[in-house]
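Engineer: Let's see this in three dimensions:
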Amino acid sequence: MKLLKRLSVLLPVLALSGCAELEKFANEAKKIKIAPAQPAQPTLVESLDEVCKVYRQNSLRANGIFGGKVVTARAVVESAYDAVGDFTISLTPIEVKLVELSAVAKRRTDAMLVSKGQFVTVTGVINNITFGNARECAVFLSDATF
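Structural biologist: Residues are numbered from 1 along each chain as shown. All right, here's what the predicted structure looks like:
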């Protein structure tokens, strides 16, 4: 019984000392400044030839290595069409004859400004690499600008 009486006196004292520590911690946490996150810069792909080479060796590896990376290429517009709400441009790269490009335009106006046979510089994010229809591999780009 004596122990219970002693605990009843000690517990509020311990609780209050814990509150003081908690309040001190909260005040210190308020002083911490968090800088806004900087957007990550996408990695650039050096060569479409390299993409196709890796694809021929292992398609899964190629998509793992190059998926999400940015590529820029000079190309000739083959066609422009609306594929279920995506404004898609089919292109043939000038320097690389073994690759075909299919680019979904970032903005509708970009897709509307290009014409068949026009030379363009396309920049986009690789979202898939697969077997090409007329060439060795096809590279699909999203968020493409021309």
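Engineer: buried ones in the helix or strand residue 112 falls within?
Structural biologist: Residue 112 is part of helix 108-113 when elements are defined by DSSP states H and E. Neighbour counts over helix 108-113 (16 or more other Cβ atoms under 10 Å) mark 110-111 as buried. C-beta coordinates here come from the backbone N, C-alpha and C atoms, glycine included.
Engineer: Off-centre distance for it?
Structural biologist: In terms of Cα atoms, centre = their mean, to the nearest Å, the centre of helix 108-113 is set 22 Å apart from its chain centre.
Engineer: Mind pulling the model confidence for residue 91?
Structural biologist: pLDDT for residue 91: 93.
Engineer: quick one, phi psi at residue 117?
Structural biologist: Per-residue torsions, residue 117: phi 90, psi -10 (degrees, to the nearest 10).
Engineer: about what we covered before: what's the next secondary structure element after the helix holding residue 112?
Structural biologist: Helix 108-113 is succeeded, C-terminally, by strand 119-131 (DSSP H and E).
Engineer: In its sheet, which strands sit next to that next one, and in what direction?
Structural biologist: Strand pairing for strand 119-131, determined by DSSP bridges: strand 70-83 (antiparallel), strand 137-145 (antiparallel).
Engineer: Could you check it and say which residues are buried?
Structural biologist: Here strand 119-131 shows 120, 122-127, 129 as buried, counting by 16+ other Cβ under 10 Å.
Engineer: Need the residues that contact it.
Structural biologist: With contact meaning Cβ atoms under 8 Å, 6 or more residues apart in numbering, strand 119-131 is reached by 42, 45, 51, 55, 59, 62-63, 66-77, 89, 91, 94, 101, 103-104, 106, 114, 137-146.
Engineer: ok, 7 Å please
Structural biologist: Outside strand 119-131, the residues within contact range by Cβ atoms under 7 Å, 6 or more residues apart in numbering are 42, 45, 51, 55, 59, 62-63, 66-77, 91, 101, 103, 114, 137-146.
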